[in-house]
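**Student:** coordinates only, sequence not included:
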Ligand SMILES: [Ca+2]
Ligand SMILES: [Ca+2]
């Protein structure tokens, strides 16, 4: 059988005598990904396979479009928009498309997994709403988030009403910002946790 020589081979020696075409991922990679996630060995292996399937050009990173190939994101528009809002924060260069490494992908999937705590999910959701990243949600943050979540379809005046209402209710100490504890209270009775969870 022809053996291609692409430089994708792992530095870890191949296991001999195993004809399985689905090579097991290198143990070091599995351990590394387990450190940044809450997954088991089997789940990490599945995650690596998913990543490699999406990463068609085998560039080692996935773009937002590639991520959206995952059924879970298509089936849950809320999730997809959240990813869109989050903009893969941390690695956007000027004018460059943000991408995820496998490690970042594992972290992301970990937050959305059934293993993540409600607190972890809420912290993540909070970060998404906090567009300017100053640790609190201002009215501008909320406007921007609503704009993305509703795909720009929310009428400007109506949005002002909604934003004012949310602040009226959530901003308990009236400092003009929604802090994490205030945020946690207003989403307490919503299914935000369910929306931020999927099985893969
Ligand atoms: Ca903010
Ligand atoms: Ca406040």
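**Tutor:** Yep, that arrived. Quick caveat, the model's predicted, so the values are computed rather than measured. Ligands and ions are numbered 1, 2, ... in the order given.

**Student:** when you work out contacts or count neighbours from here on, use the C-alpha atoms and nothing else.
**Tutor:** OK.

**Student:** what separation do you get for residue 43 and residue 113?
**Tutor:** Distance of residue 43 to residue 113, computed by CA to CA, to the nearest Å: 11 Å.

**Student:** between those two, which is the more surrounded one?
**Tutor:** residue 113 (19 against 14; other CA atoms under 10 Å).

**Student:** confidence score at residue 11?
**Tutor:** Residue 11 carries a pLDDT value of 37.

**Student:** relative to ligand 1, how far out is residue 159?
**Tutor:** 18 Å (CA to the ion, to the nearest Å).

**Student:** wait, a helix at that residue?
**Tutor:** Yes. Assessed by DSSP: H, G, I helix; E, B strand; the rest coil, residue 159 belongs to a helix.

**Student:** surely it touches residue 143?
**Tutor:** Yes. Residue 159 is within contact range of residue 143, at 7.1 Å (criterion: CA atoms under 8 Å).

**Student:** neighbour count for those two, which is higher?
**Tutor:** With neighbours defined as other CA under 10 Å, residue 159 and residue 143 compare such that residue 143 has more, 19 against 16.

**Student:** so that one touches residue 163, yeah?
**Tutor:** Yes. Counting by CA under 8 Å, residue 163 is a contact partner of residue 143 at 6.9 Å.

**Student:** strands along the protein, start to end?
**Tutor:** Listed in chain order, the strands of the chain (DSSP state E) span 61-63, 99-101.

**Student:** looking at those strands, which is nearest to ligand 2?
**Tutor:** Closest approach to ligand 2 among those (CA to the ion): strand 99-101, 33.0 Å.

**Student:** show me what that closest one is packed up against.
**Tutor:** strand 61-63 (3 or more CA pairs under 8 Å, 6 or more residues apart in numbering; DSSP states H and E).

**Student:** tell me which strands the strand it packs on pairs with, and in which orientation.
**Tutor:** Here strand 61-63 is paired, per DSSP bridges, with strand 99-101 (antiparallel).

**Student:** can you give me the buried ones in the strand it pairs with?
**Tutor:** By neighbour count with 16 or more other CA atoms under 10 Å, strand 99-101 contains the buried residues 99, 100.

**Student:** what of stretch 33-48?
**Tutor:** For stretch 33-48, by 16+ other CA under 10 Å, it's 33, 34, 37, 38, 39, 44, 45, 47, 48.

**Student:** quick one: contacts for residue 146?
**Tutor:** Neighbouring residues of residue 146 by CA atoms under 8 Å, 6 or more residues apart in numbering: 152, 154, 159.

**Student:** tell me how far it lies from residue 174.
**Tutor:** Look at residue 146 and residue 174: by CA to CA, they are 21 Å apart.

**Student:** before we move on, what about residue 99?
**Tutor:** Remark: distance between residue 99 and residue 174 (CA to CA) = 38 Å.
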